[in-house]
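*Asks:* give me a model of this one.
(one chain, ligands or ions: 2)
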Amino acid sequence: MTKLMKGVFFPGSMTCTVEDVEVPTPGMGEVLLEMRASGMCGSDLEYIYKVPKEKRGQPILGVATDPSTITGHEPAGVVTAVGPGVRHLKVGDRVAVYHINGCGFCKDCRSGWHITCTEVHETYGFDRHGGNAQFMVADERDCVILPNNVSFDAGAFVACGAGTGFSVTRRLGISGMDDYLIFGAGPVGLSAAMFGKHMGARVMVVDMNETRLDMARALGVARTINPAKQDVRDEVLSFTNGVGASAAVDCSANPRARSMMFDCVKTWGRAAFVGEGHDVHLDVSPQIIHRQITLIGSWVYSTPMMMELLETISRHGLPLGELLVSDRFSLKDAPKAFERFAAGETAGKCVFVDF
Ligand SMILES: [Zn+2]
Ligand SMILES: [Zn+2]
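*Replies:* Ligands and ions are numbered 1, 2, ... in the order given. Down below sits the predicted model:
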């Protein structure tokens, strides 16, 4: 008799359904996970949830999407069965899943950057079944073991959002020498703030949403700035003795914030773009060239970085799940959960924890 489970689907045009589907069987090199946490991400909304029904099957960012694919690209769970050829994982292992299944053979995949795989690759939750279900099948090599003292919530958050915040903070080389300015206090920006502070920087966070600024304050950041009430550049200059931030990242994707970032960074400073979509107008000579700015584009992270982040959370006891997961939902309430998320009614990371 076939065993059934619940899975969450996006038919398009801001709709969400929970349906009964077959529990999958792991194939060669694959494991079956019983889900314990599955994160909701802004890219779920922008790239699949909000897409009109008639366009729902079209490729997005070069990735084929299919409304019959189970959603969720921030999975964490327990291995309950292993397929043939699985060599490292065993039943009972706690894991999080890196959300891109690369070819495993190209130069980028071999260095852990599945995200920029140059061959055929799949993305869990977009064109391969993801974690918004009671069970999922993942390739063994996409799984990273969770240290015993790291929660499934934190594991799911690390699988995309927090990994992205960590990666850009590492690539900017943040240290105790820095005044680190972060535009956008969503889950990615807030996690970057937590890691920047942990790495010793004085962190400033900019957002219009006071609930998000409250979360930044709970992290103990040095300064929060609300552009609706304050002049961002004045605040940054007054906090840095008129020098400007030594490093900054835009996680907001807001065109004005993106440009303002360069006006708040000091000469010889570093800046990064992480927030996706929209555009920006930059006056390249005065804002970037004449000020000797190093500019980084940072897209997600690599599997070694995911391991490094989980080890850091474990050894240093970073309260990622405790402080930055704001909303926990039951899988059966997925339609309501995504409605609230899309309406901007949630502040930090949203995670399914009850399957
Ligand atoms: Zn994501
Ligand atoms: Zn590859």
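*Asks:* okay, helices next: where are they in the protein?
*Replies:* Along the chain, counting by DSSP state H, helices occupy 42-44, 107-110, 152-158, 161-171, 187-198, 210-218, 232-239, 255-264, 284, 303-316, 320-324, 334-342.
*Asks:* mind pulling up the phi and psi values for the residue lying closest to residue 110 once chain neighbours are set aside?
*Replies:* Leaving aside its sequence neighbours, residue 110 sits nearest to residue 104 (Cβ to Cβ, 6 or more residues apart in numbering; 7.8 Å). In short, each C-beta sits where N, CA and C put it, glycine included. Note on residue 104: its backbone torsions stand at phi 80, psi 0 [degrees, to the nearest 10].
*Asks:* is it correct that residue 104 is in contact with residue 141?
*Replies:* Yes - the pair residue 104 / residue 141 is scored as a contact, 6.4 Å apart, by Cβ atoms under 8 Å.
*Asks:* excluding its backbone neighbours, what's nearest the residue of the stretch 201-350 of the chain found nearest ligand 1?
*Replies:* Here the residue of the stretch 201-350 of the chain nearest ligand 1 is residue 300; by Cβ to the ion that distance is 7.7 Å. Excluding its sequence neighbours, the residue lying closest to residue 300 (Cβ to Cβ, 6+ apart) is residue 115, at 4.6 Å.
*Asks:* next, count neighbours for the one you found.
*Replies:* Residues within reach of residue 115, counting by other Cβ atoms under 10 Å, total 20.
*Asks:* follow-up on the earlier one: show the contacting residues for the residue of the stretch 201-350 of the chain closest to ligand 1.
*Replies:* Contacts for residue 300 (Cβ atoms under 8 Å, 6 or more residues apart in numbering) come out as 100, 115, 160, 163, 164, 167.
*Asks:* and those, which of them are buried?
*Replies:* Those of these that meet the buried threshold are 100, 115, 160, 163, 164, 167, by 16 or more other Cβ atoms under 10 Å.
*Asks:* ok, how many other residues are close to residue 170?
*Replies:* Residue 170 has 16 nearby residues by other Cβ under 10 Å.
*Asks:* unless I'm mixing things up, it is touching residue 305, no?
*Replies:* Yes - Residue 170 sits in contact with residue 305 when judged by Cβ under 8 Å, with a separation of 6.8 Å.
*Asks:* okay, the angle between the longest strand belonging to the chain and helix 161-171?
*Replies:* As assigned by DSSP state E, the longest strand anywhere in the chain is strand 30-40. If you take axes from the mean of the first three to the mean of the last three Cα atoms, to 10 degrees, strand 30-40 sits at 80 degrees to helix 161-171.
*Asks:* can you start the count at 54 instead of 1 from here on
*Replies:* With the count now opening at 54, the last piece we talked about shows up as strand 83-93.
*Asks:* next, the angle from strand 83-93 to helix 240-251.
*Replies:* Relative orientation of strand 83-93 and helix 240-251, computed by the same axes, to 10 degrees: 90 degrees.
*Asks:* show me which residues of the stretch 104-253 of the chain sit near ligand 2.
*Replies:* Proximity of the stretch 104-253 of the chain to ligand 2 (Cβ under 5 Å from the ion) is limited to residues 155, 156, 159, 162, 170, 172.
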